[in-house]
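Q: Got a predicted structure plus its sequence, pasted below:
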Amino acid sequence: MKYTLYILVVFLSFLSCKEKTEKESQTTRDTKSSAVKRSSKPYSSKDFQLVFKFPENYEVREDSLAGQTPVINVFRKNNTGTPPYGIHEDFENAYISFLPQGYGVDGPTGAQKSIEEFGNPLPISFTIDKRKSRVYLLNNGDVWGFYLRFETPLESWTEYGGIFIRYKVRDFTARCISSGNKEKPMEECDPMGSDRIKYLGEVDAKSKKEINQILKSLWFSRKNYDRKEISNLIRIEKPASGKTIASPLQIKGEARGSWFFEATAPVELLDGNFQFLGRSYIEVVNSDWMTEDFVSFEGSIDFKKSDTENGFLLFRKNNASGKPELDRTLRIPVKF
């Protein structure tokens, strides 16, 4: 009898401990889940059609620059500068400036290229004017900032509107180099003449990742527009994400009819430096593209040899209107 009672007590104690452990485990999972949910905050502006998410160590401020030029800043709370932020700020600061009417002053000096020349490394879902959009570079070739312009402006923006992006740069210094390739004092520098300015320092990797995550979440609202998740718009069967590809690349999948115009949509292949290797189209097969349902598509793309091991396959919605509000992009990583 005593033995039976002993076994019963041990069994009940085991159940009690198991239940406690499961509750603690669930509490831990709930806490982690809650932390993930609180890791980003949503922001939207009906006046300027902006929708994005930003991390808790960032802040959003709606303000105006000189001449009452509107600006929406999203910036690190520990920035050394004081908002509002335009384009000429200290390199210790990390922020994005949305400038619906432009910035009305000369752009940054130093090494720079058009995005058409440099390539577009940003994880954005909308189309930009690659000739007018700029990439700003340190002397070592690393990117410290961008200014993005639209081919077709948003309905609430002027044609001069754009998005200025700045990563934090550590140990920043600027040097002036004369036409004779000699260094001269910055106060005597004439970058509008024959002098040139070199920017030196190290781009802060954390701020770059944070800013890029904000840009990845960015989209533009529109009245009576129901924005679907990208997975509910297009699905790729071939090639599989992250797989090695060869030319000619065969493409296969399905997408909603609204992804296409005249039954086609563009696809582009980029190398690891975001340079174009090839362009082509996917085309609806055995279906009427004028539907909101999913339809099958196929395509192929010939491409030149890549100098990098990795790259990206970009599927773009065929947005005949040209309006950024209606742009969508799916980026698939590939290997060569």
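A: Thanks, I have the structure now.

Q: Show me where this structure dips below the pLDDT cut-off.
A: Residue ranges of the chain with pLDDT under 70: 1-39.

Q: how about a cut-off of 80?
A: Along the chain, the parts satisfying pLDDT under 80 run over 1-39, 104-105.

Q: Can you show me the helices along it?
A: Using DSSP state H, the helices of the chain run over 2-37, 115-118, 205-217.

Q: got a list of contacts for stretch 186-194?
A: With contacts defined as C-beta atoms under 8 Å, 6 or more residues apart in numbering, stretch 186-194 is touched by T109, A174, R175, C176, S178, S179, D195, I197. In this view, the C-beta of every residue, glycine as well, is placed from N, C-alpha and C.

Q: Any chance of a ChimeraX selection covering the buried ones in the residues you listed?
A: Buried subset of the contacts of stretch 186-194, written as a ChimeraX selection, criterion 16 or more other C-beta atoms under 10 Å:
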select :109,176,195,197
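
Q: Closest one of the contacts of stretch 186-194 to V295?
A: Checking the contacts of stretch 186-194 against V295 with C-beta to C-beta, the nearest one is T109 at 49.8 Å.

Q: Excluding chain neighbours, what is closest to the closest one?
A: Closest residue to T109 apart from its sequence neighbours, by C-beta to C-beta, 6 or more residues apart in numbering: P191 at 4.5 Å.

Q: how close does that neighbour sit to K184?
A: Distance from P191 to K184, counting by C-beta to C-beta, to the nearest Å: 11 Å.

Q: Between the two, which contacts overlap?
A: Going by C-beta under 8 Å, 6+ apart, residues that sit against P191 and also against K184 are C176.

Q: Next, count neighbours for the residue nearest to T109.
A: P191: 14 surrounding residues under other C-beta atoms under 10 Å.

Q: That one and F294: what is the separation?
A: Following C-beta to C-beta, the distance that separates P191 from F294 is 54 Å.

Q: now S156
A: Distance, S156 to F294, by C-beta to C-beta: 32 Å.

Q: what's the answer for G81, then?
A: Using C-beta to C-beta, G81 is found at 48 Å from F294.

Q: Who has more neighbours out of these two?
A: Per other C-beta under 10 Å, whichever of G81 and F294 has more neighbours is F294, with 17 against 14.

Q: Now do the strands in the stretch 151-300 of the chain.
A: For the stretch 151-300 of the chain, the strands defined by DSSP state E, counting those that start in this stretch cover 162-166, 169-177, 183-184, 196-203, 219-220, 234-238, 249-256, 264-271, 276-284, 294-301.

Q: thought V74 was touching A94?
A: No: counting by C-beta atoms under 8 Å, V74 does not reach A94; the two are 9.7 Å apart.

Q: phi, psi of G110?
A: Dihedral pair for G110: phi 90, psi 180, per degrees, to the nearest 10.

Q: Can you give me every residue that contacts it?
A: Contacts for G110 (C-beta under 8 Å, 6+ apart) come out as Y136, L137, A174, I197, K198, Y199.

Q: Isn't K335 up against I245?
A: Yes: at 7.1 Å, K335 counts as touching I245 under the criterion of C-beta under 8 Å.

Q: Looking at these two, which one has more neighbours?
A: Neighbours per residue, other C-beta under 10 Å: of K335 and I245, the larger number sits with I245, 21 against 14.

Q: hang on, V105 packs against T69?
A: No: checked against C-beta under 8 Å, the pair V105 and T69 is beyond contact range at 9.5 Å.

Q: the more surrounded of these two?
A: More crowded of V105 and T69, by other C-beta under 10 Å: T69, with 18 against 12.

Q: who does that one bridge with?
A: T69 forms beta bridges with L65, as assigned by DSSP bridges.

Q: Tell me, how many residues neighbour the nearest residue to G67 once chain neighbours are set aside?
A: Leaving aside its sequence neighbours, G67 sits nearest to G104 (C-beta to C-beta, 6+ apart; 6.1 Å). Around G104 there are 12 other residues, counting by other C-beta under 10 Å.

Q: ditto for K53
A: Number of residues near K53 (other C-beta under 10 Å) recorded here: 16.

Q: Rebuild the contacts of stretch 186-194 as CSV, extending it with distance to F54.
A: Shown next, in CSV, are these (distance: C-beta to C-beta, whole Å):
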residue, distance to F54
T109, 29
A174, 29
R175, 34
C176, 36
S178, 42
S179, 43
D195, 38
I197, 31
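
Q: For the contacts of stretch 186-194, which two are the farthest from each other?
A: Longest span within the contacts of stretch 186-194, C-beta to C-beta: A174 and S179, 17.5 Å.

Q: quick one on the thing from earlier: so what's the residue nearest to G67 up against?
A: Shown in contact with G104 (C-beta under 8 Å, 6+ apart): L65, A66, G67, T69.

Q: Please check these and keep the buried ones.
A: Among those, the ones that count as buried by 16+ other C-beta under 10 Å are L65, T69.

Q: a markdown table please, covering the contacts of G104 and showing distance to T264.
A: Below are these laid out as a markdown table (distance: C-beta to C-beta, whole Å):
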| residue | distance to T264 |
| --- | --- |
| L65 | 42 |
| A66 | 46 |
| G67 | 44 |
| T69 | 40 |
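
Q: Regarding stretch 214-230, how distant is the last residue from the first?
A: This stretch, stretch 214-230, spans 17 Å end to end (C-alpha to C-alpha, to the nearest Å).
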